[in-house]
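**Q** would you be able to build a 3D model of this:
(chains A, B, C and D)
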Protein chains: 2
Amino acid sequence: MSPMPEPAPGSRPTLEAVAARAGVSRATVSRVVNGGAGVRQALVEKVREAVEELGYVPNHAARTLVTRRNGAVAVIIAEPEFRVFSDPFFEQQVRGISRELTAHDSQLVLLWVEGPGDYDRIGRYLGGGHVDGALAFSVHDDDELPSIIRRAQVPAVFGGRPGWPGATAGPAVPYVDCDNRGGAREAVRHLLSLGRERVAHIAGPRDQTSAMDRMDGYQDVLLDAGPGLIAQGDFTEESGARAMAELLEQRPDLDAVFAANDLMASGALRVLRERGLRVPEDVALVGFDDMTSIAEATDPPLTTVRQDIEGMGRLMVRLLMRVLNADEAEPGAGSAPGSVITPTELVRRASA
Amino acid sequence: MSPMPEPAPGSRPTLEAVAARAGVSRATVSRVVNGGAGVRQALVEKVREAVEELGYVPNHAARTLVTRRNGAVAVIIAEPEFRVFSDPFFEQQVRGISRELTAHDSQLVLLWVEGPGDYDRIGRYLGGGHVDGALAFSVHDDDELPSIIRRAQVPAVFGGRPGWPGATAGPAVPYVDCDNRGGAREAVRHLLSLGRERVAHIAGPRDQTSAMDRMDGYQDVLLDAGPGLIAQGDFTEESGARAMAELLEQRPDLDAVFAANDLMASGALRVLRERGLRVPEDVALVGFDDMTSIAEATDPPLTTVRQDIEGMGRLMVRLLMRVLNADEAEPGAGSAPGSVITPTELVRRASA
DNA sequence: CACCCCTTTGAGAGCGCTCTCTGGCCTCCG
DNA sequence: CGGAGGCCAGAGAGCGCTCTCAAAGGGGTG
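**A** Have a look, this model is predicted:
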């Protein structure tokens, strides 16, 4: 702890007070506080001293009023279900965002959407100029969020490729996503390289682009996978188990499975063992996400496709900051930075 | 969606613009925007119309500058581990906070502490007058947070009873907690009412007041529980299993267990079944928290002590708002509202 | 009918900061 | 030695809002 000076009883010291104490003008203090460019060294020190002695902290509201910069970014949680926030995926992403925001001296304002009727409030808040920008997670196709954000005219970045129908209307919102398709391709190729010939796929929900991209990657490699090799899941453990049972019924001869996430892979693993099938000897299994709490806990540990979730969160912030700076340089039609696709990496463990 | 009026290209309309449009003074518009007390009905309507037409939204910074109210509250997450945020307990509490904050027209600023060195930043932020108050979670005894908060002179409310050593120094920070001790008593009494005679306890970490309070409750009822009936856990599933094994070794004759949380109860349950002991026939089991995702998923479903977690989150906000209003009425030494203890409720399922 | 009081509105002074513009001083060059 | 130019500091005008205070108008009462 730095020895914080005794805070003035009552009100906080202002620029004016610091100026008086240092025997300079308000403008000079302001310059020093904001970096001190163009001020003689002697004065800089004198002002710094006065700041220290008085325990001066700039008034944020006053500063915002004139600079039109809030130093705050909204993070919108649009998922109504409880589960979402306790999703480790989410946690890591928000953590990355928090860290990067701190590095940019910005605050994280959490906007939790309480059902569809709440979008009005969110829109009003975003439009009200309380935050410099917004970060949102594109989860489902039919999300109203993108249009709300566009209407509020607030710079935004999405986590995950948005897939809403009217995506082409208006300026596209940049997003950060991992290379779902490429990662899936790598997973499937890995299975093929192991000599597997009948590789099945447990797909994620149809209204999430990440799930669809992973399926596309699977199909990129297996142009004609043959019938009965794709089963539908919804990213839950239970659905993975169900899908696995289904696949086994349709194609008892399958020798490999690529599940669209680790949770479904773990469900599939359970069913495989119940049926007496050995992993990876009889059936090789690959997941996606590398949620270590899952992938390392299974028996055998899961081979999976890793994505740098926290890094994606940080990237979202950097992208937003770039939009913000571009806007500042040339308001309105600026060269909007494009989206970012982060690489994935196959993590080989024991299941394939 | 309300048909949001076409936002003015470029800058946002100001009070001045609305005033001009409605043919009144700035002061009148301000009054209408803030409730409209003391303004003729005809004028109120005229102003409302102008606001609507122009799509006017008050500038938050300007308002804050004069009212000294930010309309924002910091929520401090001081837990360094990843796990914490994905803890369903946490999620529910934050959700409650978010909801209640919305009802009070306040925003949630998330402050995630990044290790001990980060307390400086937090302190500076809190002291900088960016938020009206702070909410924090008192997790461990040795937390620096309380002193940081006190130094920053920002009104705060804790979630969970703080247990730091110097709690008595300075004005106490109000907190919201559930009746851990009473709930524990009820759990143990229930076990006794079932005719159980050797009731063991799996305790939580020693540096968390909630865990200690639950143990105290256990001991309130079982004044002399006898040796070997208390085992130490750390709130994780794994530790519950370990503690159960230990208890079984020391007291093979035990016929009931009260675990300090559901997660440990579920670990204990696993061990009991592995040893071939039937629940509840041979050993009755009661947990704490009523995390339904755990308590309802076990076999048999867990009898446990419920606490209204979301409600506690909401209560934290209400308490803070009361402090804020008291401060406003009479700054400085105000009648600080006391802490709140919420009731618990025994939820009977099949395990006891 | 005069006076007083209450209600409603407007004028204007800030809140604390940034930023432009002006002016003084010094240095350097012709 | 005079003028041009550069560097630094200060003066002052807002940013958009709230809030006090004064003024105006209307009604009731002595």
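**Q** where do the strands of chain A begin and end?
**A** A:72-77, A:107-112, A:133-137, A:156-159, A:175-178, A:199-203, A:230-232, A:256-259, A:284-286, A:304-307, A:340-342, A:344-347 (DSSP state E).
**Q** tabulate these (JSON lines), appending mean pLDDT and mean neighbour count.
**A** No exception for glycine: its C-beta is placed from N, CA and C like everyone else's. Below are these laid out as JSON lines (pLDDT from 0 to 100; neighbours: other C-beta atoms under 10 Å in any protein chain shown):
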{"stretch": "strand A:72-77", "mean pLDDT": "94", "mean neighbour count": "23"}
{"stretch": "strand A:107-112", "mean pLDDT": "94", "mean neighbour count": "22"}
{"stretch": "strand A:133-137", "mean pLDDT": "94", "mean neighbour count": "25"}
{"stretch": "strand A:156-159", "mean pLDDT": "94", "mean neighbour count": "26"}
{"stretch": "strand A:175-178", "mean pLDDT": "95", "mean neighbour count": "24"}
{"stretch": "strand A:199-203", "mean pLDDT": "97", "mean neighbour count": "27"}
{"stretch": "strand A:230-232", "mean pLDDT": "96", "mean neighbour count": "20"}
{"stretch": "strand A:256-259", "mean pLDDT": "98", "mean neighbour count": "30"}
{"stretch": "strand A:284-286", "mean pLDDT": "98", "mean neighbour count": "26"}
{"stretch": "strand A:304-307", "mean pLDDT": "97", "mean neighbour count": "25"}
{"stretch": "strand A:340-342", "mean pLDDT": "95", "mean neighbour count": "16"}
{"stretch": "strand A:344-347", "mean pLDDT": "97", "mean neighbour count": "18"}
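**Q** right, and these - which one's nearest residue B:340?
**A** Residue B:340 lies closest to strand A:107-112 among those, at 22.9 Å (C-beta to C-beta).
**Q** and that closest one with chain B, contact?
**A** Yes: judged by C-beta under 8 Å from any C-beta of the partner chain, strand A:107-112 and chain B are in contact via A:107, A:108, A:109, A:110, A:111, A:112.
**Q** any chance of the strands of chain A in a markdown table, plus distance to residue B:100?
**A** Rendered in a markdown table, the data for these read as follows (distance: least, C-beta to C-beta, whole Å):
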| stretch | distance to residue B:100 |
| --- | --- |
| strand A:72-77 | 16 |
| strand A:107-112 | 11 |
| strand A:133-137 | 22 |
| strand A:156-159 | 26 |
| strand A:175-178 | 32 |
| strand A:199-203 | 40 |
| strand A:230-232 | 39 |
| strand A:256-259 | 40 |
| strand A:284-286 | 44 |
| strand A:304-307 | 35 |
| strand A:340-342 | 36 |
| strand A:344-347 | 40 |
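**Q** next, format those as JSON lines and append distance to DNA strand D.
**A** Compiled in JSON lines, these are given as follows (distance: least, C-beta to the nearest atom of the strand, whole Å):
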{"stretch": "strand A:72-77", "distance to DNA strand D": "17"}
{"stretch": "strand A:107-112", "distance to DNA strand D": "19"}
{"stretch": "strand A:133-137", "distance to DNA strand D": "19"}
{"stretch": "strand A:156-159", "distance to DNA strand D": "22"}
{"stretch": "strand A:175-178", "distance to DNA strand D": "31"}
{"stretch": "strand A:199-203", "distance to DNA strand D": "50"}
{"stretch": "strand A:230-232", "distance to DNA strand D": "51"}
{"stretch": "strand A:256-259", "distance to DNA strand D": "53"}
{"stretch": "strand A:284-286", "distance to DNA strand D": "56"}
{"stretch": "strand A:304-307", "distance to DNA strand D": "43"}
{"stretch": "strand A:340-342", "distance to DNA strand D": "34"}
{"stretch": "strand A:344-347", "distance to DNA strand D": "46"}
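**Q** how close does the closest residue to DNA strand C within the stretch 151-300 of chain A get to DNA strand D?
**A** Nearest residue of the stretch 151-300 of chain A to DNA strand C, counting by C-beta to the nearest atom of the strand: residue A:155, 18.7 Å away. Residue A:155 is 19 Å from DNA strand D, where distance means C-beta to the nearest atom of the strand, to the nearest Å.
**Q** quote the end-to-end distance of stretch A:196-209.
**A** With C-alpha to C-alpha, to the nearest Å as the measure, stretch A:196-209 spans 27 Å from end to end.
**Q** so which of the residues of strand A:107-112 next to chain B comes closest to DNA strand C?
**A** Of the residues of strand A:107-112 next to chain B, the one sitting nearest to DNA strand C (C-beta to the nearest atom of the strand) turns out to be residue A:107, at 16.5 Å.
**Q** who touches the nearest residue to the closest one once chain neighbours are set aside in this structure?
**A** Leaving out its chain neighbours, the residue that sits closest to residue A:107 by C-beta to C-beta, 6 or more residues apart in numbering or on different chains is residue A:72, at 4.4 Å. Residues counted as contacts of residue A:72 (C-beta atoms under 8 Å, 6 or more residues apart in numbering or on different chains) are A:106, A:107, A:108, A:109, A:130, A:131, A:132, B:109.
**Q** residue A:30 against residue A:16, yeah?
**A** No: taking contacts as C-beta atoms under 8 Å, residue A:30 lies outside contact range of residue A:16: 10.6 Å.
**Q** mind checking which of the two has more residues around it?
**A** Neighbour totals were compared for residue A:30 and residue A:16, and residue A:30 leads with 16 against 11 (other C-beta atoms under 10 Å in any protein chain shown).
**Q** distance of the more buried one from chain B?
**A** Distance of residue A:30 to chain B, computed by C-beta to the nearest C-beta, to the nearest Å: 16 Å.
**Q** pretty sure the residue of the stretch 151-300 of chain A closest to DNA strand C sits against residue A:323.
**A** Yes: proximity of residue A:155 to residue A:323 meets the contact threshold set by C-beta under 8 Å, at 4.5 Å.
**Q** more neighbours: which of the two?
**A** Neighbour comparison, residue A:155 and residue A:323: the larger count goes to residue A:155, with 24 against 21 (by other C-beta under 10 Å).
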